[in-house]
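Participant: Here you go, sequence then predicted model.
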Amino acid sequence: MSEKISKHRSGVLFALIFAASHAAWIWFVVSDVSRSAVDIVARTNFVEPEDTVDFDLSLTVGGLTIASVAGYLMGGLFAVLWNRNS
């Protein structure tokens, strides 16, 4: 029988993972790596990139907040589903 996992701990872990992945993208934007990354992804999907990606502090904070909340909720849901099946 599997051990039950904490909804809160799972939520915090997922929130950290989601926020870290978004923080990496923010670093890409600030260091201008994002432009080449978007170009590569667009080309692999046979799409021409039309927009540029610019840094905006309010969008950055909002995006990190939304990513953290979404990660927490997904982690909690994961724990609920895991515990239901154990």
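Facilitator: Structure received. Numbering: from 1, shown residues only.
Participant: center of the chain - which residue?
Facilitator: Phe18 (3.4 Å; Cα atoms, centre = their mean).
Participant: right, and it touches Leu64 too?
Facilitator: No. Counting by Cβ atoms under 8 Å, Phe18 stays clear of Leu64, with 9.0 Å between them. Where C-beta positions appear, they are placed from N, C-alpha and C, glycine not excepted.
Participant: Overlap in contacts, those two.
Facilitator: With Cβ atoms under 8 Å, 6 or more residues apart in numbering applied, the contact sets of Phe18 and Leu64 do not overlap.
Participant: all helices in this structure, in order from the N-terminus.
Facilitator: Using DSSP state H, the helices of the chain run over 7-30, 33-44, 57-84.
Participant: now those as CSV including distance to Glu50 and mean pLDDT?
Facilitator: Below are those laid out as CSV (distance: least, Cβ to Cβ, whole Å; pLDDT from 0 to 100):
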stretch, distance to Glu50, mean pLDDT
helix 7-30, 17, 93
helix 33-44, 9, 81
helix 57-84, 19, 96
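Participant: Now the residue nearest to the centre of the chain: closest residue in space, sequence neighbours ignored.
Facilitator: In this structure, Phe18 finds its nearest non-sequential neighbour in Gly71, 3.1 Å apart by Cβ to Cβ, 6 or more residues apart in numbering.
Participant: OK, contacts around that neighbour?
Facilitator: Gly71 neighbours (Cβ under 8 Å, 6+ apart): Gly11, Phe14, Ala15, Leu16, Ile17, Phe18, Ala19.
Participant: OK, contacts around the fifth one?
Facilitator: Counting by Cβ under 8 Å, 6+ apart, Ile17 makes contact with Gly71.
Participant: same question, the third one
Facilitator: For Ala15, the contact set (Cβ under 8 Å, 6+ apart) comprises Ala67, Ser68, Val69, Gly71, Tyr72, Gly75.
Participant: How about the first one?
Facilitator: Residues in contact with Gly11 (Cβ under 8 Å, 6+ apart) are Gly71, Tyr72, Leu73, Met74, Gly75, Gly76, Ala79.
Participant: what about 10 Å?
Facilitator: Applying Cβ atoms under 10 Å, 6 or more residues apart in numbering, one finds that Gly11 lies in contact with Ser68, Val69, Gly71, Tyr72, Leu73, Met74, Gly75, Gly76, Leu77, Phe78, Ala79.
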